[in-house]
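Chemist: need coordinates for the following:
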Amino acid sequence: MSDQDSEVCEHLRPISDYYRGRGVAVQDATIVPETGYKIVRLDGFVYRKEILSWLEHSASLKWRWADPHYGEGNSVLCKTCKMAIEGKFDLSDPDKTLGE
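Modeler: Presented below is the predicted three-dimensional model:
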């Protein structure tokens with residue numbers, strides 16, 4: 001995967017930088033055909049309380065809780081740029097996955 005594939009928009013960059021600074025790497029990046037969203041998946045968990053201030057101060061960002069049915073981790077969506085950062089999901093440890 002190229003560096004360009006793992007790039008996120010300016011609205012998500014502070015969150016991406018926060019997790020990368022803590023050693024969380026990008027696992028992959030894909031485009032969802034149905035929505036056109038680019039999803040950048042991390043190999044770590046995304047916790048709402050850690051990034052709450054960014055969510056509260058941006059009209060563009062939206063929190064999305066993990067979805068056990070689809071095995072999706074917590075994510076932050078940028079409604080303006082149609083991009084998202086998604087954390088990993090661990091069915092054996094949903095408390096850690098949800099990160100409350």
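Chemist: so what does the residue sitting nearest the centre point of the chain look like in phi/psi?
Modeler: Centroid-nearest residue in the chain: Ile85, 2.2 Å away (criterion: CA atoms, centre = their mean). Phi and psi for Ile85, reported as degrees, to the nearest 10, are phi -110, psi 130.
Chemist: so who does it touch?
Modeler: Counting by CB atoms under 8 Å, 6 or more residues apart in numbering, Ile85 makes contact with Val8, Leu12, Ile15, Ser16, Tyr19, Val40, Leu42, Val46, Ser75, Val76. No exception for glycine: its C-beta is placed from N, CA and C like everyone else's.
Chemist: what does the pLDDT read for Ser92?
Modeler: pLDDT recorded at Ser92 is 71.
Chemist: thinking again about what came up before, quickly list what the residue nearest to the centre of the chain is bridged to.
Modeler: Val40, Val76 (DSSP bridges).
Chemist: how about Asp28?
Modeler: Those that pair with Asp28 in a beta bridge, by DSSP bridges, are Arg41.
Chemist: that one touches Arg41, doesn't it?
Modeler: Yes - Asp28 lies in contact with Arg41 (CB atoms under 8 Å); the separation is 5.2 Å.
Chemist: more crowded one of the two?
Modeler: Taking neighbours as other CB atoms under 10 Å, Asp28 and Arg41 compare with Arg41 leading, 20 against 13.
Chemist: can you map out the strands along this protein?
Modeler: Ranges of strands in the chain, per DSSP state E, are 26-31, 38-42, 61-64, 75-78, 83-86.
Chemist: tell me which of those is the most buried.
Modeler: strand 83-86 (a mean of 24; mean count of other CB atoms under 10 Å).
Chemist: quote the end-to-end distance of stretch 50-63.
Modeler: 12 Å (CA to CA, to the nearest Å).
Chemist: same check on stretch 30-49?
Modeler: 26 Å.
Chemist: helices along this structure, start to end?
Modeler: Using DSSP state H, the helices of the chain run over 13-20, 48-56, 94-98.
Chemist: which of those sits closest to Trp63?
Modeler: helix 48-56 (5.6 Å; CB to CB).
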